[in-house]
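need coordinates for the following:
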Amino acid sequence: MRLTIDGIEVEVREGKTILEAAQNAALYIPALCAHPDLSPALGIKSREVIFRGGEAIRGTGDSWEFEGCQLCIVEVEGREGSYTACNTPAAEGMVIHTNTPQLQEQRRENLTRILIKHPHTCLICAQKEGCSLTQCSSNVPQKERCCPKFAYCELRSIAEYIGIKEDITRYIPQNLPIVDDEPLVIFNYNLCIGCLRCVRACQDLQKIGALGFVYHDNEVIVGTIAPTLKESNCKSCGTCIEVCPTGTLLDKSEKAKAVRARKLKISPPILPPTELLKFDAQTIGSVTEVEGVYQLLDEQKSIVYIKGTMNLRQELREQLETNKQAHYFKWEEEPMYTRRESELIQQFLQAHGRLPAQNDELADLF
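As a prediction, the model looks like this:
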């Protein structure tokens, strides 16, 4: 069936949601509680009792249903109001708008409700790029600022895409538990935004159910179903870490991260589009000499090559001398560059059903 999203005709199979239709056509709609491997979160019911750092918390029971992040809202011609794209079925002939001024303003309001319960000073700081994250030029206490995942945080990427309201309320630390006595994972409840990805991944992908949630004091509380992960029957698979969009769940060591990277086959999240840079010597000269991943694009702005490297600036300069197809590029700093390269290639393959042209040429050598 066919529908139209932001003026572009999209073909999609029966039973798909508006969000899936947009993603199949490489059209971006922001969504924090959504993930390619997980079913929509909206409507799932909470449990009665949960544990946060060993403390038992009683919620409202099965009467309350999760409403999601509300960032994927869209407008459908002929219908009143807005709809969440993650659970609204696509229909033949639909005409959908994803970025009207009204939607943009409502998304910023919905994002604000998420950020006021999460450290966000770094997100609105003019000196955030290149910051060491250890000493703040504005003398903001560390608990109010950010987390170790700041440079590659999905929440940050989406917040920058949507835009943060200038009058956003200052974050007040809640001093929630930071559980670091588990063997493989650090669980920082202060950074949780209640998206329920970890809960759904544990229940739906791994069929374990070590994590759950309740609705308590007007907020979503995520935690274990028993005082510890071990008592909750956690298998230490790391799926919850893989799908978490913030720094709430982190590997306790690089070894644990490497083991998880080998074991799991979890799709990468759908991230906002990034600004393309002109592929020339002057622009490449401003790229940092660090480990990371770059993508080369042709004149039509289609990705032709994805590659991880130990030195971004050096390898991009080498590509400039030999790669005649590339006209644009984008890059990201990432110490785990081989893994990130695999994630980006997998994401491209899922979206297009093939590898980028020059990656495909390399694959023929093996």
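
contacts only, for the residue positioned nearest the centre of the chain.
Residue closest to the average C-alpha location in the chain (C-alpha atoms, centre = their mean): residue 154, at 3.6 Å. Applying C-beta atoms under 8 Å, 6 or more residues apart in numbering, we find residue 154 in contact with 32, 245-246, 269, 271. (Each C-beta comes from the backbone N, C-alpha and C, glycine too.)

how about those in TSV, adding distance to residue 3, neighbour count and secondary structure?
Listed next are the contacts of residue 154 as TSV, based on distance: C-beta to C-beta, whole Å; neighbours: other C-beta atoms under 10 Å; DSSP: H, G, I helix; E, B strand; the rest coil:
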residue	distance to residue 3	neighbour count	secondary structure
32	24	26	coil
245	27	24	coil
246	32	24	coil
269	24	21	coil
271	24	17	coil
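
what about this protein, any weak spots by pLDDT?
61-63, 129-130, 132, 151, 350-352, 362-366 (pLDDT under 70).

about what we covered before: determine which two of the contacts of residue 154 are furthest apart.
Within the contacts of residue 154, 246 and 271 form the most distant pair, 13.9 Å apart (C-beta to C-beta).

could you double-check that residue 270 lies in contact with residue 24?
No: contact criterion C-beta atoms under 8 Å: residue 270 and residue 24 do not qualify, at 10.9 Å.

these two: which has the busier surroundings?
residue 270 (21 against 16; other C-beta atoms under 10 Å).

export stretch 154-170 as CSV, just CAs?
Provided in CSV are the C-alpha atoms of stretch 154-170 (Å, rounded to 0.1, in the frame of the first residue of the first chain):
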residue,chain,number,x,y,z
GLU,A,154,21.1,8.7,22.0
LEU,A,155,19.1,11.1,24.2
ARG,A,156,21.6,13.9,23.4
SER,A,157,21.3,13.2,19.6
ILE,A,158,17.5,13.4,19.7
ALA,A,159,17.5,16.4,22.0
GLU,A,160,19.8,18.3,19.7
TYR,A,161,17.6,17.4,16.7
ILE,A,162,14.3,18.5,18.4
GLY,A,163,15.8,21.5,20.1
ILE,A,164,15.8,22.3,23.9
LYS,A,165,13.6,25.1,25.2
GLU,A,166,15.7,28.0,26.5
ASP,A,167,13.6,28.3,29.7
ILE,A,168,14.0,24.7,30.7
THR,A,169,14.0,24.1,34.4
ARG,A,170,17.3,23.4,36.1
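
list the buried residues in that stretch.
Within stretch 154-170, the residues scored as buried using 16 or more other C-beta atoms under 10 Å are 154-159, 161-162, 168.

SS state for residue 75?
Secondary structure, DSSP: H, G, I helix; E, B strand; the rest coil: residue 75 is strand.

can you count the residues close to the closest residue to residue 284 other than its chain neighbours?
Excluding its sequence neighbours, the residue lying closest to residue 284 (C-beta to C-beta, 6 or more residues apart in numbering) is residue 316, at 4.7 Å. Per other C-beta under 10 Å, the neighbour tally for residue 316 reads 24.

fine by me, thanks again.
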